[in-house]
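J.: got a predicted structure here, sequence first:
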Amino acid sequence: QVQLVESGGGLVKPGGSLRLSCAASGFGLDYYVIGWFRQAPGTEREGVSCISMSGGQSYYVDSVKGRFTISRDNAKNLVHLQMNSLKPEDTALYYCAAGVERECKSDNMEYWGNGTLVTVSS
């Protein structure tokens, strides 16, 4: 059974950090582009960051550049999103997704996790 499971979300104060993890089962992540997407209430889902199959290329939405870092460990079938200097506007449900197309878009993703909630609040 193909499955993506996110973990690492939680409540953090502004300026704090969280590390999200995405674990795959039922398939190997090394053949897929992996992305992190987020959706806040009343907003559309947006691509936060994506990483190429080899890990050599990555994409970040402008609002998180310099604060978030995506990484992957294909041997362990894991992808991480390190989030630093968190802001209240980062509050959202964060999803991990896998696809074969290069562009970091929801429509390009084939497999999705159920999401992990990140809340940034004092």
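T.: Everything's here; your move.

J.: tell me the contacts of the most centrally placed residue in the chain?
T.: Per CA atoms, centre = their mean, the C-alpha nearest to the average position across the chain is that of Trp36, at 2.3 Å. The contact partners of Trp36, by CB atoms under 8 Å, 6 or more residues apart in numbering, come to 20, 22, 47-50, 70, 79, 81, 94-97. Every residue, glycine included, has its C-beta placed from N, CA and C.

J.: repeat that for Glu6.
T.: Neighbouring residues of Glu6 by CB under 8 Å, 6+ apart: 20-22, 94-96, 113-116.

J.: would you check that Leu117 makes contact with Gly9?
T.: Yes. Between Leu117 and Gly9 a contact is recorded at 4.8 Å, counting by CB atoms under 8 Å.

J.: quick one, strands of this protein?
T.: 3-7, 10-12, 18-25, 33-39, 46-51, 58-60, 68-73, 78-83, 92-99, 109-112, 116-120 (DSSP state E).

J.: tabulate those (TSV), appending mean pLDDT.
T.: Output for the strands of the chain, formatted as TSV (pLDDT from 0 to 100):
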stretch	mean pLDDT
strand 3-7	96
strand 10-12	98
strand 18-25	96
strand 33-39	97
strand 46-51	97
strand 58-60	97
strand 68-73	96
strand 78-83	97
strand 92-99	97
strand 109-112	96
strand 116-120	98
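
J.: what residues are up against Asn114?
T.: Each residue near Asn114 by CB under 8 Å, 6+ apart is listed here: 5-6, 95.
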